[in-house]
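Peer 1: Sequence plus the predicted model coming up.
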Amino acid sequence: MRKLKLFLINAAILTLTSLVIRTTGVFFSVYISNKIGALGMGLYQLIMSVYSFAITVASSGAGLASTRLVAEELAHGSHTGIKRAMRRCVCYSAFFGLLAWALLFFSAPFIGEVWLGDHRTISSLYLLSINLPFLAVASTFSGYFTAMRRISKNACAQIVEQFIRITATVCLLQLMVPSGLEYGCIAVVLGGSISEIGSFFYLLLLFLRDKRKLPNDGKSGKRLTPRLLGIALPVALSAYIRTGLSTIKHLMIPKGLQKHGGSPESVLAQYGMVSGMAMPVIMFPSAFLSAFSSLLVPEVTECNEQKRYERIDYIISLVFQINLFFSIGVCGVLMCFSNSLGDIIYHSQEVAGYIKILAPLAILIYLDNSVDSLLKGLNQQISAMRHDIFDLMVSIVLIWFLLPLYGIKGYIIVMFTSMLINISLSINSLVCVTSFRIRIFQWILKPAFGIIGAVAVVELIERFTFLGKVHTAASLTLSILLTCLIYYFFLRVTGSITSDEIKTIKKMLR
């Protein structure tokens with residue numbers, strides 16, 4: 001019970017932190033899109049697709065390795081083993097961070113001119129390469145604090161990073177946007193680089209202070225280097241393939257849209273609206289669930305190490321129940337209020353249309369993130385990577401054929417197909433290695449009917465009250481909150497959420 005209470009407290013800290021960061025992130029994204037436009041957002045998304053591959057090379061599974069190794073040593077009560085494990089993880093991540101810097105820095109002109117087909121991206125790639133070693137080592141510190149259940153350290157680091165990012169980027173945009181679109185992208189990239197380097201030094205100081213508190217108990221971890229390489233290298237190799245395919249996929253999208261018709265500028269703008277404007281709104285509510293996902297790896301790892309299989313099944317059931325109740329509700333809210341969200345946030349009904357169409361992706365994405373964390377905790381990370389690689393290969397084939405024929409509609413079809421394949425394979429792997437089973441009626445059908453009913457009631461209320469159909473930010477917030485309350489009422493009435501479950505959670509929190 002004490003460990004479950006600690007899990008919930010850490011989850012609450014991460015949820016609050018993630019919510020603050022996502023909220024400021026959405027508003028910050030709106031600010032950036034207003035400064036550099038949809039075309040600039042599209043160009044920025046292209047740059048970040050290459051950078052994501054560089055990050056994969058830099059980290060090379062170091063974050064997961066530090067979480068797993070520290071959690072395993074902690075389960076055996078070996079504090080000396082934790083210190084030795086972290087030394088190896090830092091050396092490992094520093095090596096791959098420097099390797100990633102060299103690869104991106106020296107290949108930036110080729111990537112910008114040949115792969116991205118836009119010389120304006122080269123300067124941004126140079127700048128992004130600088131912070132790769134810092135980002136790589138920082139991931140090991142973050143993994144350490146996650147495994148030690150000292151989530152407040154990571155939370156503070158995220159808030160510090162977000163504060164630096166926003167402050168630096170706003171100042172740089174004011175100075176550089178008048179010089180052109182290329183400099184606008186440089187301002188956003190440079191602001192991000194400064195924040196990531198600042199976050200590294202902050203985490204380094206926290207880690208050094210925390211490390212001094214670990215006693216030298218003489219229980220030295222065994223075979224740490226083989227265990228580190230056994231966790232990190234398979235993940236890294238699979239991640240290289242997965243992220244490489246993902247980069248190819250994102251680079252193919254603008255070219256496929258151009259074949260359907262349209263200038264490079266209009267295609268980049270359309271791509272920017274979907275990936276850089278609509279998707280952040282879809283992903284914003286996941287702040288409430290991301291905490292559980294990040295904490296699942298050490299929690300399940302420790303239970304698996306101690307062979308507590310009944311508790312693992314309980315955690316999995318809890319994760320699915322919370323995920324599905326929440327994501328189905330989010331999907332209904334996004335679909336119902338998409339027009340108002342697009343108008344208030346971006347002043348664009350075109351973006352609003354994309355929000356409505358993409359809303360069901362929330363159910364698939366949110367659940368997939370948590371299932372992947374569960375699989376990693378159960379030492380099934382290779383299976384998770386295999387699923388990602390397979391669905392990316394299918395996506396590339398679909399992009400090749402569908403985008404020239406259907407344009408942006410084809411891209412949306414690919415997004416849904418990709419997520420359906422991934423989540424289906426991941427759930428199947430989870431069912432194969434545990435005794436967990438999905439309760440379709442209780443976890444899917446009941447909440448689906450519940451959110452439909454809640455939305456219908458709110459729409460009826462809006463016809464006869466001051467909320468009306470033309471939403472302001474305040475009335476939209478009230479309507480969404482009212483929908484959530486009615487949805488919760490439906491879940492209680494139908495028995496999806498029972499009084500015993502609520503009492504149990506309250507008891508844990510006390």
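Peer 2: Sure thing, it's come through. Because the structure is predicted, anything quoted here is derived from the model rather than measured.
Peer 1: Backbone torsions only: list them for residue 131.
Peer 2: Main-chain dihedrals, residue 131, degrees, to the nearest 10: phi -90, psi 10.
Peer 1: tally of neighbours for it?
Peer 2: Per other Cβ atoms under 10 Å, the neighbour tally for residue 131 reads 26. Quick note: C-beta positions are derived from backbone N, CA and C, even for glycine.
Peer 1: what's the spacing between it and residue 200?
Peer 2: With distances taken as Cβ to Cβ, to the nearest Å, residue 131 is found 8 Å from residue 200.
Peer 1: Now residue 212: phi and psi?
Peer 2: Residue torsions, per degrees, to the nearest 10, at residue 212 are phi -60, psi -20.
Peer 1: same question, the one 3 residues further on
Peer 2: Here the main-chain torsion angles of residue 215 (degrees, to the nearest 10) amount to phi -70, psi 150.
Peer 1: Touching, it and residue 79? I think so.
Peer 2: Yes: if you go by Cβ atoms under 8 Å, residue 215 and residue 79 touch, sitting 5.4 Å apart.
Peer 1: With neighbour numbers in mind, choose between those two.
Peer 2: More crowded of residue 215 and residue 79, by other Cβ under 10 Å: residue 79, with 19 against 8.
Peer 1: just checking, that one touches residue 211?
Peer 2: No: contact criterion Cβ under 8 Å: residue 79 and residue 211 do not qualify, at 9.8 Å.
Peer 1: If I look at the nearest residue to residue 408 once chain neighbours are set aside, what pLDDT would I see?
Peer 2: The shortest distance from residue 408 to any non-neighbouring residue, by Cβ to Cβ, 6 or more residues apart in numbering, is to residue 270 (5.5 Å). Residue 270 is assigned a predicted lDDT (pLDDT) of 85.
Peer 1: Report how many residues lie close to residue 270.
Peer 2: 22.
Peer 1: secondary structure element for it?
Peer 2: helix 264-271 (DSSP states H and E).
Peer 1: Just the residues contacting that helix, thanks.
Peer 2: Helix 264-271 is contacted from outside by 37-39, 41-43, 45-46, 117, 253-254, 257-258, 262, 408, using Cβ atoms under 8 Å, 6 or more residues apart in numbering.
Peer 1: mind redoing it with 7 Å?
Peer 2: 38, 39, 42, 43, 45, 253, 254, 257, 258, 408 (Cβ atoms under 7 Å, 6 or more residues apart in numbering).
Peer 1: just stretch 391-404 next, same as before
Peer 2: Residues outside stretch 391-404 that contact it (Cβ under 7 Å, 6+ apart) are 242, 245-246, 248-249, 252-253, 256-257, 259-260, 410-411, 413-414, 417-418, 421-422.
Peer 1: before we move on, the earlier item: tell me the helix or strand right after the helix holding residue 270.
Peer 2: Scanning forward in sequence from helix 264-271 by DSSP H and E, the next helix or strand is helix 279-283.
Peer 1: Residues touching that next one, excluding its own?
Peer 2: 26, 29, 334, 341, 345, 355, 358, 359, 361, 362.
Peer 1: Now the third one. Nearest residue, chain neighbours left out?
Peer 2: Computed as Cβ to Cβ, 6+ apart, the closest residue to residue 334 that is not its neighbour in sequence is residue 359, at 3.8 Å.
Peer 1: Next up, the contacts around that neighbour.
Peer 2: 282, 331, 334, 335, 338.
Peer 1: before we move on, back to that, filter the contacts of stretch 391-404 down to just the buried residues.
Peer 2: Using 16 or more other Cβ atoms under 10 Å as the burial test, the contacts of stretch 391-404 include 242, 245-246, 248-249, 253, 256-257, 260, 410-411, 414, 418, 421-422 as buried.
Peer 1: low pLDDT regions in the stretch 151-300 of the chain?
Peer 2: Low-confidence segments of the stretch 151-300 of the chain (pLDDT under 70): 217-221, 290-299.
Peer 1: Counting neighbours, what do you get for residue 226?
Peer 2: As a burial measure, residue 226 scores 9 neighbours (other Cβ under 10 Å).
Peer 1: same thing with residue 444?
Peer 2: The burial count for residue 444: 16, using other Cβ under 10 Å.
Peer 1: picking up where we left off before, so which of the contacts of residue 359 comes closest to residue 238?
Peer 2: Closest approach to residue 238 among the contacts of residue 359 (Cβ to Cβ): residue 282, at 26.2 Å.
Peer 1: How much space separates that closest one from residue 185?
Peer 2: For residue 282 relative to residue 185 (Cβ to Cβ), the value is 23 Å.
Peer 1: The two: who's more crowded?
Peer 2: residue 185 (26 against 20).
Peer 1: Do I have it right that that one meets residue 46?
Peer 2: No: the criterion here is Cβ atoms under 7 Å, and residue 185 misses it with residue 46 at 9.5 Å.
Peer 1: quick one: low-confidence parts of the chain?
Peer 2: Filtered on pLDDT under 70, the chain yields the residue ranges 1-19, 22, 217-221, 290-299, 301, 305, 466-470, 499-510.
Peer 1: mind giving me the domain ranges of it?
Peer 2: Structural domains assigned to the chain are 2-438, 439-510, following automatic domain parsing.
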